[in-house]
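*Asks:* Here's a sequence, model it:
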Amino acid sequence: MAALVVLLGCGGLSALIAARILEPESLLWFSASVACVGVALLTTGLAVYERSRRSLATVLVSPFAIAAATWLVLFVYRPLELYVAPHHAALSLAQFGFRLEDLTRTVALGGLGCSACCGGYLLALGRGRAVRPSRAAPRPIALSGLGASAVLAAGTVLWLLLFFRQGGFGALVHSPASLRVDQRSSFWAFVGIWLVQGTTLCAFVATLRGRGRTARRVLIAGVALTLLAALATEIRALPALAAVAAAILYVGFRPLGRRQVVVGAVLALGGVLALGVAQQVRAYSVTVDLPEAIRLTANTPMSAMYVSDLSTFDNFVAMQGLVPASVSYLDGRSLAEIPQALVPRSAWPGKPAGLDVEVASYLYPGVPVAVPISLQGELYWNAGLPLVALGAFAVGAALGAIARFGLRAVPGSGLFLVYAVTVPFTHAFLTRGLATMLQNLVFALAGVGIAIWATRPRRWAALVGAARAPGVRT
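*Replies:* The predicted structure follows:
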């Protein structure tokens with residue numbers, strides 16, 4: 001109850017600043033808006049820790065951990081950086097210029113959404129120590145080498161079809177960024193990538209359970225194919241999501257000691273560095289070929305490699321300055337597109353391209369990119385402050401329900417694997433268009449679900465047994 005009172009206070013103060021009732025041009029209220037985000041996250045973190053039986057591991061594998069990391073970067077670190085070094089602003093914001101008032105009001109909108117989302121999360125999580133990882137005897141995912149090989153092959157064929165449609169090796173060498181241009185109407189390729197990644201995760205679970213050489217071989221092959229798929233499609237987010245899912249699966253099996261924490265921190269740092277380098281190489285490849293893009297990346301300051309990841313806040317600042325003075329409210333249009341996102345583009349050629357593409361039409365006219373503005377940005381553009389509070393509360397409640405039921409699943413079970421794949425999408429839902437991210441989550445769950453089903457040994461054992469039965473021609 002005390003946590004909800006604190007969240008209500010943080011949300012209320014943020015709303016007053018965002019509504020300009022309190023002067024957003026003041027350094028005092030800028031500091032207060034940033035502090036509201038930090039206080040809301042700290043309060044929620046302590047409450048989640050108590051309700052997780054004081055298990056840090058349980059908190060780390062929950063949606064809240066990813067939400068907290070996302071918001072600390074977007075609404076604490078980034079606004080402070082822009083206040084101290086305004087020349088670090090992304091082009092989307094620098095072209096318009098900005099004042100302290102713009103930063104303050106955007107942080108306040110972010111804080112309002114953070115507080116409301118955290119409140120919904122705690123209510124859905126339940127009172128008391130409601131979240132307890134299951135200690136039931138595990139029924140781990142078993143693995144058929146034949147089934148896993150078949151799924152890996154099918155998934156690889158699907159993403160290879162997209163690779164060659166987009167230009168193949170010629171595009172990869174001369175303009176890798178072109179592989180990302182107009183990947184619409186290719187849901188089958190994304191399902192194919194998740195077939196590969198889902199099979200790899202199944203093999204990882206089997207390996208953790210000591211299931212032998214077959215699981216390890218499938219795991220090695222799956223990791224290699226996952227990296228190749230990321231290179232061929234120029235999509236770095238999908239292997240990152242799979243890596244986070246693998247970390248959640250590991251924590252579900254192993255107690256966290258100092259060694260595991262240190263190794264995990266090193267791997268996470270390496271992953272962040274790799275993502276930054278991959279992003280920068282792709283950015284340079286828009287104008288130069290791959291070897292030159294790699295050379296330029298090697299000479300680029302590390303801090304400059306993450307501007308595109310941090311620019312979600314910058315884009316939000318730019319759009320909230322345009323809405324509603326220059327750009328009208330969407331009146332719920334992007335939210336109505338959420339169920340429509342599941343309709344294949346081949347069946348609906350006029351299907352909307354998504355909110356992030358529409359944002360780009362205002363901030364980068366004529367450039368074929370997708371520009372995220374965060375969950376709070378989408379809600380604000382649809383209907384202003386009230387929808388930021390209500391919409392964020394609903395998203396928080398959904399995440400809390402996922403945590404409440406997912407963390408009770410048996411580690412190693414298919415349900416826990418589905419939970420592990422779902423949780424990393426928390427970052428995507430909090431930063432990018434809701435309709436597009438729902439579509440991507442469905443692709444992921446479809447691929448992983450097929451992988452879980454198709455790699456069961458009993459199904460393939462029955463098939464092989466029938467083929468070898470007397471009187472059956474092969």
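*Asks:* Enumerate every residue touching the residue nearest to G120 when sequence neighbours are not counted.
*Replies:* Nearest non-adjacent residue to G120, counting by C-beta to C-beta, 6 or more residues apart in numbering: G396, 3.0 Å away. The way it works is simple: take the backbone N, C-alpha and C, and place the C-beta from them, glycine included. By C-beta atoms under 8 Å, 6 or more residues apart in numbering, the residues touching G396 are A116, C117, C118, G119, G120, Y121, A124.
*Asks:* mind giving me the domain ranges of the chain?
*Replies:* 2-135+387-393, 145-298+432-466, 310-355+368-383 (automatic domain parsing).
*Asks:* per-stretch mean pLDDT over those domains, give me the minimum one.
*Replies:* Across the domains of the chain, domain 145-298+432-466 has the smallest mean pLDDT, namely a mean of 86.
*Asks:* Mind listing what's buried along the helix or strand harbouring E81?
*Replies:* Counting by DSSP states H and E, the element that carries E81 is helix 78-84. Under the neighbour-count criterion of 16 or more other C-beta atoms under 10 Å, helix 78-84 has R78, P79, E81, L82, Y83 buried.
*Asks:* returning to what we had before: identify, out of the domains of the chain, the most deeply packed stretch.
*Replies:* Most buried of the domains of the chain by mean neighbour count (mean count of other C-beta atoms under 10 Å) is domain 2-135+387-393; its value is a mean of 20.
*Asks:* can you give me how far that one is from the chain middle?
*Replies:* Averaging C-alpha positions (C-alpha atoms, centre = their mean, to the nearest Å) puts domain 2-135+387-393 17 Å from its chain's average.
*Asks:* Nearest to T422, out of the domains of the chain?
*Replies:* Among these, the nearest to T422 by C-beta to C-beta is domain 145-298+432-466 (6.9 Å).
*Asks:* Dump the C-alpha coordinates for the helix or strand hosting V5 into CSV.
*Replies:* Element membership for V5, per DSSP H and E: helix 2-18. Extracted in CSV, the C-alpha atoms of helix 2-18 (Å, rounded to 0.1, in the frame of the first residue of the first chain):
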residue,chain,number,x,y,z
ALA,A,2,2.8,2.4,0.9
ALA,A,3,4.5,1.8,-2.5
LEU,A,4,1.3,2.7,-4.3
VAL,A,5,1.0,5.9,-2.3
VAL,A,6,4.6,6.9,-3.3
LEU,A,7,3.8,6.0,-6.9
LEU,A,8,0.7,8.1,-6.8
GLY,A,9,2.7,11.1,-5.5
CYS,A,10,5.4,10.7,-8.1
GLY,A,11,2.8,10.4,-10.9
GLY,A,12,0.8,13.4,-9.6
LEU,A,13,3.9,15.6,-9.4
SER,A,14,5.0,14.5,-12.9
ALA,A,15,1.5,15.3,-14.2
LEU,A,16,1.6,18.8,-12.7
ILE,A,17,4.9,19.5,-14.4
ALA,A,18,3.9,18.0,-17.7
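*Asks:* Give me the contact list for it.
*Replies:* Residues from elsewhere that reach helix 2-18 (C-beta under 8 Å, 6+ apart): 22, 24, 29, 32-33, 36-37, 39-40, 43-44, 46-47, 104-105, 108-112, 114-116, 118-119, 122-123, 385, 388-389.
*Asks:* just checking, which of those belong to helices?
*Replies:* Judged by DSSP state H, those include 29, 32-33, 36-37, 39-40, 43-44, 46-47, 104-105, 108-112, 114-116, 118-119, 122-123, 385, 388-389 as members of helices.
*Asks:* Distance from stretch 412-425 to the middle of the chain?
*Replies:* Put simply, stretch 412-425 sits 14 Å off its chain's centre (C-alpha atoms, centre = their mean).
*Asks:* what does stretch 148-158 give?
*Replies:* 24 Å.
*Asks:* per-residue pLDDT, S413?
*Replies:* S413 is assigned 85 on the pLDDT scale.
*Asks:* Please report how far it lies from G192.
*Replies:* Applying C-beta to C-beta, to the nearest Å, the value for S413 to G192 is 25 Å.
*Asks:* same thing with Q95?
*Replies:* From Q95 to G192 the distance is 38 Å (C-beta to C-beta).
*Asks:* Just the CA coordinates for stretch 186-206, please, in PDB.
*Replies:* Backbone C-alpha positions of stretch 186-206 (Å, rounded to 0.1, in the frame of the first residue of the first chain) are rendered in PDB as follows:
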ATOM      1  CA  SER A 186       8.000 -11.200 -44.900                       C
ATOM      2  CA  PHE A 187       6.600 -12.400 -41.600                       C
ATOM      3  CA  TRP A 188       7.600 -15.900 -42.600                       C
ATOM      4  CA  ALA A 189      11.300 -15.000 -42.500                       C
ATOM      5  CA  PHE A 190      10.900 -13.600 -38.900                       C
ATOM      6  CA  VAL A 191       9.100 -16.800 -37.900                       C
ATOM      7  CA  GLY A 192      12.000 -18.700 -39.500                       C
ATOM      8  CA  ILE A 193      14.500 -16.800 -37.400                       C
ATOM      9  CA  TRP A 194      12.600 -17.600 -34.300                       C
ATOM     10  CA  LEU A 195      12.400 -21.300 -35.400                       C
ATOM     11  CA  VAL A 196      16.200 -21.300 -35.300                       C
ATOM     12  CA  GLN A 197      16.400 -19.300 -32.000                       C
ATOM     13  CA  GLY A 198      13.600 -21.300 -30.400                       C
ATOM     14  CA  THR A 199      15.400 -24.600 -31.200                       C
ATOM     15  CA  THR A 200      18.600 -23.100 -29.900                       C
ATOM     16  CA  LEU A 201      16.900 -22.200 -26.600                       C
ATOM     17  CA  CYS A 202      15.400 -25.700 -26.400                       C
ATOM     18  CA  ALA A 203      18.900 -27.100 -26.800                       C
ATOM     19  CA  PHE A 204      20.300 -24.700 -24.200                       C
ATOM     20  CA  VAL A 205      17.700 -26.000 -21.700                       C
ATOM     21  CA  ALA A 206      18.500 -29.600 -22.500                       C
END
